[in-house]
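Student: sequence unknown, structure follows:
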């Protein structure tokens, strides 16, 4: 990574920034402001652009719901369409009209939402009115010159007889009244009580004494008429809803335009964010940042040829926090994302991906270890690579699963698993042939279980030793040659010597090997005690630190090596579940029924088994890298290289661009 500084005429500053964004290889960083210079205040611009972007994204979501775009899974891996700068500038002129379209879409969505809410309200109102269907007078103005009708509900079951009896007890002096119950249930009764106007208040108080409540909404028409009016209103609203939805569906072909607008606004936001780190005077613009070495010369030359500017490229100072950009070949680059999820390399770290990639693919394959599943992964990833031709991180992800699939096929062949024991199931049940040996090397589900586990531990020790070796290399590079030899050799001798002794507890080991291993392990222990505490002062402090380091080595490496038993455990789970699925499909005796059931159970069972165990293999392979491998040498803490670039999902520039 190199440092780049650019001074240009202020009149060409927009063109310079746009060029850098299209090129996508320069991270514009903060710098110390020189006297007489100021910086741009772009907060208001960014806020406005983010509101516009939010509007466009919301509009796109609305269109995707009412007019979803057709496309296959493979299409999602295809790179964005390439456009020339002229086409981009033409589309840029349409941004305002497209934003207006977005507001129109959101207005239609609001009308749909309001209409649906009104329909729900009217349907709820009709549900409430349904209990008043038999009432033939309106709630409001239900009176004559001398009489009035009290309409309301009771919280329990009432009948005409029960109402009249209670009123006779409560207001015996009033005889001119009548009651009618239009609806009754265990939890509610609806009634109308007629009496003289002069007695209305007395009767109302009597009714309230046992739960009478007037309706909250007083209709000036009968409930039946009100319900009919609501139904007519609902029909009109549904017609409007259909009209609004048809309008939105008709706008489905505008989705690409809105997608372009979102990307255009994203570019503008990114540009204004970068401008915060730019210094200006009345006549010039100054910026500094970082650029990968392979792009530096060409970018500097293009800037000076196209614009009135001066460009300086130099090596950054040791004190600078230089951003990290990983650069690996096609075998190691697919696992860069795995490392980035943990942490990017720090200033004194090495890029671990070239070494980690090999172990990652091997361990993933051992955990998944079914040749049939691996074959499916290889076929699927090759189809995506050949048909979609993905770029960037998508291509790396597909390649990672391609290599993992190849490794899964290899270990499936070694351990004899092809969709479980599907080969033998078909031979025995359909071809009436005897079972055959499926495994090439070991049979973890049979007699070779313990042997397989020991090999898993061996691979784990190799993995850990590589991490220790990298740590030793880093110490040697920093000038601590004694520490590099002592720390590395002591671990190799202590752990490497103890390994055959521990293995002898499970399988028979030659006595000559175990005898040699004892002395090697003892020498490693002594070396740890004598050298691990060398930084401490005083003989006893050095000895104490050495003993403590020995304890940490024993406990730490024991638990870490045991962690590699997951290589066996997950591989067994994949194979055993696959075999159980096959067995379930062949339970019926009738051949026709057996065949049908086998096909159904095979497809469903292996799909579930594949989905569960591919996730398990991914998670636990990551864990072995993060916890066991990286802990030996890796510090991390690097900042990702974040250039000003074209963050677009819908297009990429043909010329003068790296497109991030």
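Tutor: Arrived safely. Nothing here was measured: the structure is a model prediction, and the numbers come from that model.
Student: Confirm that residue 195 sits in a helix.
Tutor: No. Inclusion of residue 195 in a helix is not indicated when DSSP: H, G, I helix; E, B strand; the rest coil is applied; the result is strand.
Student: In contact with the spatially closest residue to it that is not a sequence neighbour, which residues?
Tutor: Leaving aside its chain neighbours, residue 195 sits nearest to residue 177 (4.1 Å; criterion: C-beta to C-beta, 6 or more residues apart in numbering). Any C-beta I mention is one placed from the backbone N, CA and C, and that applies to glycine too. Residue 177 makes contact with 167, 193-196, 199, 203 under the criterion C-beta atoms under 8 Å, 6 or more residues apart in numbering.
Student: Grab the longest helix from the protein for me.
Tutor: For the chain, the longest helix by residue count, based on DSSP state H, is helix 95-129.
Student: Show me which residues of that one are buried.
Tutor: For helix 95-129, the buried set under the neighbour-count rule, 16 or more other C-beta atoms under 10 Å, comprises 95, 98-99, 101-102, 105, 108-109, 112, 115, 119, 122, 126, 129.
Student: Among these, which pair sits farthest apart?
Tutor: Across the buried residues of helix 95-129, the longest distance by C-beta to C-beta is 50.7 Å; it joins 95 and 129.
Student: Pull the contacting residues for residue 191.
Tutor: By C-beta under 8 Å, 6+ apart, the contact set of residue 191 is 151-154, 158, 163, 179-182.
Student: likewise residue 267?
Tutor: Neighbour list for residue 267: 21, 646-648 [criterion: C-beta under 8 Å, 6+ apart].
Student: tell me the SS of residue 576?
Tutor: The three-state label given to residue 576 by three-state DSSP is helix.
Student: From residue 253, how far off is it?
Tutor: As judged by C-beta to C-beta, to the nearest Å, residue 576 and residue 253 stand 52 Å apart.
Student: Looking at the two, which is more packed in?
Tutor: With neighbours defined as other C-beta atoms under 10 Å, residue 576 and residue 253 compare such that residue 576 has more, 16 against 11.
Student: Quick check: phi and psi on the residue nearest to residue 195?
Tutor: For residue 177, the backbone dihedrals are phi -150, psi 160 (criterion: degrees, to the nearest 10).
Student: distance of it from residue 196?
Tutor: Shown here: residue 177 relative to residue 196, a distance of 8 Å by C-beta to C-beta.
Student: Ok, residue 126 next?
Tutor: Distance check for residue 126 against residue 196: by C-beta to C-beta, it reads 34 Å.
Student: can you check residue 650 too?
Tutor: Using C-beta to C-beta, we find residue 650 at a distance of 78 Å from residue 196.
Student: out of these two, which sits in the more crowded spot?
Tutor: Each of residue 650 and residue 196 has its neighbours counted (other C-beta under 10 Å); residue 650 has more, 18 against 15.
Student: Quick check: closest non-adjacent residue to that one.
Tutor: residue 259 (4.4 Å).
Student: Go ahead and confirm the one you found touches residue 649.
Tutor: Yes. If you go by C-beta atoms under 8 Å, residue 259 and residue 649 touch, sitting 6.8 Å apart.
Student: Could you list the low-pLDDT ranges of the stretch 551-660 of the chain?
Tutor: Scanning the stretch 551-660 of the chain with the threshold set as pLDDT under 70 gives 655-660.
Student: any idea where the strands of it begin and end?
Tutor: 651-653 (DSSP state E, counting those that start in this stretch).
Student: residues in contact with residue 509?
Tutor: Residue 509 sits next to 500, 503 when contact means C-beta under 8 Å, 6+ apart.
Student: related to what we said a few turns ago, more neighbours, residue 259 and residue 649?
Tutor: Under the neighbour definition other C-beta under 10 Å, residue 259 and residue 649 were set side by side, and residue 259 has more, 21 against 11.
Student: Quick check: buried residues in the helix or strand where the more buried one lies?
Tutor: Applying DSSP states H and E as the criterion places residue 259 in helix 255-275. Neighbour counts over helix 255-275 (16+ other C-beta under 10 Å) mark 255, 257-272, 274-275 as buried.
Student: for that helix, what is the average pLDDT?
Tutor: This predicted structure assigns helix 255-275 an average pLDDT of 95.
Student: Report all helices and strands that the very next helix or strand once past that helix contacts.
Tutor: Scanning forward in sequence from helix 255-275 by DSSP H and E, the next helix or strand is strand 279-280. For strand 279-280, the contact count by 3 or more C-beta pairs under 8 Å, 6 or more residues apart in numbering; DSSP states H and E identifies strand 38-39, strand 284-291 as packing neighbours.
Student: most tightly surrounded among those?
Tutor: A comparison of these by mean neighbour count, using mean count of other C-beta atoms under 10 Å, puts strand 284-291 on top with a mean of 22.
Student: That strand: partners in the sheet, and parallel or antiparallel?
Tutor: Partners of strand 284-291 in the sheet, by DSSP bridges, are strand 2-9 (antiparallel), strand 27-29 (antiparallel), strand 279-280 (antiparallel).
Student: Any idea what the closest residue to residue 137 other than its chain neighbours is bridged to?
Tutor: For residue 137, ignoring the flanking residues on the chain, the nearest one in space by C-beta to C-beta, 6+ apart is residue 149 at 6.0 Å. With beta bridges defined as DSSP bridges, residue 149 has these partners: residue 194.
Student: For burial, what's the neighbour tally of residue 149?
Tutor: Counted by other C-beta under 10 Å, the residues lying close to residue 149 total 19.
Student: Residue 131: what's it in contact with?
Tutor: The contact partners of residue 131, taken as C-beta under 8 Å, 6+ apart, are 182-183, 188, 190.
Student: so which pair among these is furthest apart in space?
Tutor: 182 and 188 (11.4 Å).
Student: roughly how far apart are residue 431 and residue 479?
Tutor: Note on residue 431: its distance to residue 479, by C-beta to C-beta, is 68 Å.
Student: Ok, residue 21 next?
Tutor: 42 Å.
Student: swap in residue 50?
Tutor: From residue 50 over to residue 479 the distance is 50 Å, taken as C-beta to C-beta.
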